[in-house]
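>>> I'll drop the sequence and a predicted model, then ask my questions.
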Amino acid sequence: MKTGFLDDTMLSAMGNYLGRLTRRQQVIASNIANIDTPGYKTQGVDFHATLQELLAGEAGTMKVNRPEHKALPAAGFGPGAPAVYETEGLPARPDQNNVDLDREMLKLGETSFGYSMIVQLLRTKFRIIGSSINEGRIG
């Protein structure tokens, strides 16, 4: 039995997801910084494979107590850095650099949205924890 509220699987999952978003943002920043470097090839983070990896991880199992309950497959968000790869199939300029600023800015916006979503979920989670603590003091 977990005794600490910070040992929550969901908090761990959100933290790991934020770490992966951070890595993605670093790769995008590197691409933008090298936009004028001759021969530089755009790097990417295999984010879809990362999500599959996260969902295939291990987590605590839920008990099925009643017939109407269904056992869910174990899902977890294990730590680990996402795979960084060289993006293929992008058109290159005469200097063999294939960084596209519009594409990178779009990916940066997607990453920013992911941050906002997870931060909002974290705020809600901590608001619930804070409410539980305050309710315990009143009673």
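All right, it came through fine.

>>> after the lowest-mean-pLDDT helix or strand in the chain, next one along is what?
One helix or strand of the chain scores below all others by mean pLDDT, DSSP states H and E: helix 47-55, with a mean of 57. Downstream of helix 47-55, the first helix or strand assigned by DSSP states H and E is strand 84-86.

>>> that following strand - contacts with which helices or strands?
Judged by 3 or more Cβ pairs under 8 Å, 6 or more residues apart in numbering; DSSP states H and E, the packing partners of strand 84-86 are strand 43-45. Using the backbone N, CA and C atoms, a C-beta is placed for each residue, glycine as well.

>>> pairing partners for the strand it packs on, with directions?
strand 84-86 (antiparallel) (DSSP bridges).

>>> mind listing what's buried in the next helix or strand after the partner strand?
Of the helices and strands lying after strand 84-86 in sequence (DSSP H and E), the nearest is helix 101-138. Neighbour counts over helix 101-138 (16 or more other Cβ atoms under 10 Å) mark 103-104, 107-108, 111, 114, 118 as buried.

>>> give me the mean pLDDT for helix 101-138.
Helix 101-138 shows an average pLDDT of 89 in the prediction.

>>> so which elements touch that helix?
Other elements packing on helix 101-138 under the criterion 3+ Cβ pairs under 8 Å, 6+ apart are helix 9-33.

>>> noted, bye for now.
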